[in-house]
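Visitor: Let me see the structure of the following:
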Amino acid sequence: MLKEVEGFIFSEIPYGETSKIINVFTKEYGLIGIMCKGAKQVQNKNRAFTLRFTYATFNIYYKENKLSLFHSATIINNLKNINQDIVLISYLSYIVDLTNQVIKQSRDGQIYDDFINTVLKLENKLDPLVLTNILEIKYLNHLGVGINLDECVVCGSQKNIASIDGDKGGLICLNCLTTEKIVNKKVIQLLRMYYYVNIKSITKLDIEESLKKEINFFLDTYYDRYTGLYLKSKDFLKNIVSL
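Guide: Next up, the predicted model:
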């Protein structure tokens, strides 16, 4: 039966001399493989719809737990701004790779919504580092290593929070402070905002550079310490933007 699904192409794999398999992240079915016959050929009408990072509505012959068959597609957003900017492409590559790991751990439909909305905000040229950090903090629960942003991770106190430490796993109060640096209170406020904000509703991101770097450093440390993920696209991104 022909079905219509919204999705985003994570990767494409050559198949034979003229065909390819695309791996598409969909809200309905998660990540699915779709056989696209003849789509490697330059003159094929469907070639443009089967490229990596395509966001479209796909008409497919869906087969559960098997390769589905491509019929046609309609582009939802051509992501022109992203495709013309190497920095934005690098951010997109990283969040695609990260999302690919997250959906191996969870089938929550919210993952798709958060991913797509982040991509669209990148396309609208909102701050890519902030958007990526927001997505990263939202993904932690799906990875099973969520952060407690309400109390000290050492003693449980909700008062006099002075620092946040990636290795220790969260907030540190004044009484439990050892070698951790006291951080600007705005850092903790922003982390809470990142966690609770609806990405779709974001229209403006105007955050001080020093605060952004503090948050990014914390999340990098936290991911390294608790997720076990190593993504080459993150290393490439760091080289591109010198984070």
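Visitor: C-alpha only now, for contacts and for neighbours.
Guide: OK.
Visitor: what are the phi and psi values for residue 114?
Guide: When quoted as degrees, to the nearest 10, the phi and psi of residue 114 stand at phi -70, psi -40.
Visitor: doesn't residue 202 make contact with it?
Guide: No - Residue 114 is not in contact with residue 202 according to Cα atoms under 8 Å; the separation is 11.8 Å.
Visitor: Compare these two (neighbour count), which wins?
Guide: More neighbours sit around residue 114 than around the other of residue 114 and residue 202, counting by other Cα atoms under 10 Å; the figures are 18 against 13.
Visitor: Leaving out the residues flanking it, which one is nearest to that one?
Guide: Once flanking residues are discounted, residue 114 sits nearest to residue 199: 6.5 Å by Cα to Cα, 6 or more residues apart in numbering.
Visitor: Over to residue 215?
Guide: Excluding its sequence neighbours, the residue lying closest to residue 215 (Cα to Cα, 6+ apart) is residue 187, at 6.5 Å.
Visitor: Kindly confirm my reading that the one you found is in a helix.
Guide: Yes - the assignment for residue 187 (DSSP: H, G, I helix; E, B strand; the rest coil) places it in a helix.
Visitor: Pull the number of nearby residues for it.
Guide: Residue 187 sits with 18 neighbouring residues when counted by other Cα under 10 Å.
Visitor: Now do the same for it: its pLDDT.
Guide: Residue 187 carries a pLDDT score of 93 in this model.
Visitor: surely it meets residue 210?
Guide: No - taking contacts as Cα under 8 Å, residue 187 lies outside contact range of residue 210: 9.4 Å.
Visitor: sec struct for the residue most central in space within the chain, please.
Guide: The residue at the geometric middle of the chain, judged as the C-alpha nearest the mean C-alpha position with Cα atoms, centre = their mean, is residue 95 (3.4 Å). At residue 95 the chain is in helix, as set by three-state DSSP.
Visitor: quick one, what contacts the closest residue to it other than its chain neighbours?
Guide: Using Cα to Cα, 6+ apart and skipping residues adjacent in sequence, the residue nearest residue 95 is residue 132, 7.1 Å away. Neighbour list for residue 132: 91, 95, 118 [criterion: Cα atoms under 8 Å, 6 or more residues apart in numbering].
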